[in-house]
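# Generate a structure from the sequence data that follows.
(chains A and B)
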Amino acid sequence: MIAAVGLVVGVLAGVLLQPEVPLALQPYLPIAVVAALDAVFGGLRAVLDGIFDDKVFVVSFLSNAVVAALIVYLGDQLGVGSQLSTGVVVVLGVRIFSNAAAIRRHLFNA
Amino acid sequence: MGASSSTDPDPDPRPGPWRRLRRAASPRATRGQVLAGVLCAALGFGVVVQVRQTDTSDLADLRESDLVRILDDTTERGERLAGELQDLQATRRELTEGSDRSAAAEEAAAARAREYGVLAGTLPAHGPGVVATVTDPGTALRATNLIQLVQELRDSGAEGIQIGQTRVVAQTAFADGTGGVLVDGRLERSPYVVTVIGDPATLATALDIPGGVRETLRSAGADLDVQRRPGPDGVSVTALHAVSAPQYARPASPQQ
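Just a heads-up that it's a prediction; the model follows:
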């Protein structure tokens, strides 16, 4: 519940503050957001599995975002930034789908 | 699942996962809940910021390779448009020059038509010249006298001749009539007013040649009075000659 409230608070803060993304972060924020989304789905799945651990969630959330951004940064430096970010998004998308499938199986037995 | 639900004080018809979800959702200020809330707030914030950024972003957050590609595209497009512009300008220049040329040709043709109109007697004309008045009290004047007069005027460079109300051109016919002379079928009587455009001095001199027109007319009993009218508006020849299309003659091109 607190997580949902936090999500709403974050959305409202983004809408109200209208912050400007720093130029250096602009290529990495979307990847970090997708990675964090993956971590949230993973946490939800862990809750349903009964193995949710707050430390694991926090670490996975932050490390997912940071590693995804780092990969894209590395790709940019190597000159394959757009391809690598596509790859990261694909991998994260696959993970999100598998987590969502696990959640669905838990909740609906289907 | 069955064992745990049997010991539950509040029997829940829903299976385990839902209960776990409900328990996780129930607001408890545990460290995990608070951390999850904070991280979810960060996620929501990031999503909204990124969506807004995507809405408003233009070239600023594109990668170098994309920018190079866009620059290439733009340059190529600019070159193509420049070439198109050059073509169109060339076409425009051609058209303008063409219309200028045709306008000049039209002007020249109109000027030539005016000159020919004056010569052919289809256009009125004015200019310096003389007015020769032949008074013939005894109606002794014959067509040949007028022909001699016109011939003398032509020889001395007359560019437009009018006798009475008739324009004298190459085809003008003179015939003897009763009480006068038929000029192109129109009867002219004394006094014959001959309006001539040309050099007044030359025309007047030509008529005064010894043994010329004046003496011939005098011997026929007529009198010739010549008035010189110099200046651009000295005399005006207003009578027109109606030109009919040639029935037999056809223009031939100069090369043949």
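# Give the other helices and strands that the host helix or strand of B:L203 contacts.
According to DSSP states H and E, B:L203 maps onto helix B:200-207. Using 3 or more CB pairs under 8 Å, 6 or more residues apart in numbering or on different chains; DSSP states H and E, the elements in contact with helix B:200-207 are strand B:129-135, helix B:143-155, helix B:213-219, strand B:223-229. (Glycine included, C-beta is placed from N, CA and C.)
# For the third one, buried residues please.
When burial is assessed from 16 or more other CB atoms under 10 Å in any protein chain shown, helix B:213-219 yields the following buried residues: B:V213, B:R214, B:T216, B:L217.
# Please render these as TSV that adds pLDDT to the earlier fields.
Output for the buried residues of helix B:213-219, formatted as TSV (pLDDT from 0 to 100):
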residue	pLDDT
B:V213	85
B:R214	87
B:T216	86
B:L217	86
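# Intersect those residues with the contacts of chain A.
Checking the buried residues of helix B:213-219 against chain A by CB under 8 Å from any CB of the partner chain, not one of them is in range.
# So in chain A, which helix runs the longest?
Using DSSP state H, we find that the single longest helix of chain A is helix A:81-108.
# Which of the residues in that helix are classified as buried?
Those would be A:81-82, A:84-85, A:88-89, A:92, A:95-96, A:99, A:102-103, A:106, for helix A:81-108 by 16+ other CB under 10 Å.
# That helix vs chain B: in contact?
Yes: judged by CB under 8 Å from any CB, helix A:81-108 and chain B are in contact via A:G81, A:S82, A:H106, A:L107.
# what sits against the closest residue in space to B:T133 that isn't next to it in sequence?
Leaving out its chain neighbours, the residue that sits closest to B:T133 by CB to CB, 6 or more residues apart in numbering or on different chains is B:D225, at 4.6 Å. B:D225 makes contact with B:A132, B:T133, B:V134, B:T135 under the criterion CB atoms under 8 Å, 6 or more residues apart in numbering or on different chains.
# swap the cut-off to 10 Å and go again
Listed by CB atoms under 10 Å, 6 or more residues apart in numbering or on different chains, the contact set of B:D225 reads B:V131, B:A132, B:T133, B:V134, B:T135, B:P191, B:V193, B:R214.
# how about low-confidence regions in the chain?
The chain I'm using is chain A. Judged by pLDDT under 70, chain A has its weakly predicted residues at A:1.
# right idea, wrong chain: chain B
For chain B, the stretches flagged by pLDDT under 70 are B:1-15, B:24-29, B:57-58, B:60-61, B:255-256.
# Could you identify the longest helix within it?
helix B:64-120.
# Just give me the residue right at the centre of chain A.
Residue closest to the mean C-alpha point of chain A, counted by CA atoms, centre = their mean, is A:A36 at 1.8 Å.
# Check whether it sits in a helix, strand or coil.
Assigned with DSSP: H, G, I helix; E, B strand; the rest coil, A:A36 falls in the helix class.
# so B:G46 sits in a helix?
Yes: secondary structure of B:G46 (three-state DSSP): part of a helix.
# Spit out the contact partners of residue 39.
Picking chain A for this. A:56-65, A:68, A:92, A:95-96, A:99, B:39, B:43.
# wait, I meant chain B there
Applying CB under 10 Å, 6+ apart to B:L39 gives the contacts A:3, A:6-7, A:10, A:36, A:39-40, A:43, A:54, A:57-58, A:60-62, A:65.
# Okay, and which of those map to helices?
Reading helices off these with DSSP H, I get A:3, A:6-7, A:10, A:36, A:39-40, A:43, A:54, A:57-58, A:60-62, A:65.
# Look up the closest residue to B:T144, ignoring the ones flanking it.
B:F174 (7.8 Å).
# Can you tell me who that neighbour pairs with across the strands?
B:V183 (DSSP bridges).
# dump the residue contacts of it.
Neighbours of B:F174 in contact, by CB under 10 Å, 6+ apart: B:142-147, B:149-150, B:163, B:168, B:181-184, B:188.
# Could you tell me which of the residues you listed count as buried?
Buried among the contacts of B:F174 (16+ other CB under 10 Å): B:A143, B:N145, B:L146, B:L149, B:V150, B:I163, B:V168, B:V181, B:L182, B:V183, B:D184, B:E188.
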